[in-house]
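**Q** this is a predicted model, with the sequence first.
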Amino acid sequence: VESELVDSNPVALPSRTKVRTKRAKNIEPLTVAQVADLARAMPARLSMAVLLGCWCAPRYGELSELRRQDVDLKAGVLKVSRGMVKVKGGYFVGDTKTDAGVRRVHVPPPLLPELKTHLDTYVDAGAEALLFPARDGHSPLNDSVLRVAHNKGKAAIGSPACLRSAFSLSG
């Protein structure tokens, strides 16, 4: 049409035809106070998962695969280099979802004492020990356990369904 080889574009959609897209739900992020309340409402061994999830923004699979060796308290960073996905028959641990996913994430300084307490209280001594293991202390935490605890925590703080923390597994 621009080169004046044809009068009109034979594949142009009529102007009244519009592609309709589903509008995303309006999601309200938690306030700083709500994040702290949610962390307190969680089982103690999962409280740090909320705080790291909200303030450091790892994907769930990255959060669940964090290990003691990935925490540098002196530098105040987490090393994100692996992710876990649930597959039929168990879990698969591999590289992060993208190459850009391998990164060092700064932990807000006020969280570092709580992170140290979490390491001392809930994480086995070995470098490979998971930060958020299942109740047995060494198996991967099932996502449904975190989801149920997260939903109970949200209910406990009176959080409406549309209110989400950064790592929400469900609405």
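**A** Perfect, I can see it now. Keep in mind that this is a model prediction, so the values were computed, not measured. Residues are numbered from 1 along each chain as shown.

**Q** quick one: Val35 and Ala49 touch, right?
**A** No - the criterion here is CB atoms under 8 Å, and Val35 misses it with Ala49 at 12.0 Å. (Each C-beta comes from the backbone N, C-alpha and C, glycine too.)

**Q** neighbour count winner among these two?
**A** Neighbour count, other CB atoms under 10 Å: between Val35 and Ala49, Ala49 has more, with 26 against 19.

**Q** spatially nearest residue to the more buried one, not counting backbone neighbours?
**A** Phe132 (5.2 Å; CB to CB, 6 or more residues apart in numbering).

**Q** give the contact list for that neighbour.
**A** Arg45, Leu46, Met48, Ala49, Leu63, Ser64, Leu66, Tyr122, Leu141, Leu146 (CB atoms under 8 Å, 6 or more residues apart in numbering).

**Q** not counting residues beside it along the chain, what's closest to the second one?
**A** If you skip the residues right next to it in sequence, Leu46 has Ala149 as its closest partner in space, 5.4 Å away by CB to CB, 6+ apart.

**Q** and the first one, by the same measure?
**A** Here the nearest residue to Arg45 in space, its sequence neighbours aside, is Tyr122; by CB to CB, 6+ apart that works out to 4.7 Å.

**Q** likewise the fifth one?
**A** Sequence neighbours aside, Gly53 is the residue nearest to Leu63 in space, at 5.8 Å (criterion: CB to CB, 6+ apart).

**Q** per-residue confidence at that neighbour?
**A** Looking at Gly53, its pLDDT reads 90.

**Q** what helices or strands is the strand or helix carrying it leaning on?
**A** Using DSSP states H and E, Gly53 falls within helix 44-56. Secondary-structure packing of helix 44-56 (3 or more CB pairs under 8 Å, 6 or more residues apart in numbering; DSSP states H and E): helix 32-41, helix 60-64, helix 112-122, helix 143-156.

**Q** which parts of that helix are buried?
**A** Arg45, Leu46, Ser47, Met48, Ala49, Val50, Leu51, Leu52, Gly53, Cys54, Trp55, Cys56 (16 or more other CB atoms under 10 Å).

**Q** with stretch 141-150 instead?
**A** Quick answer for stretch 141-150 (16+ other CB under 10 Å): Leu141, Asp143, Leu146, Ala149, His150.

**Q** right, I'll call it a day here.
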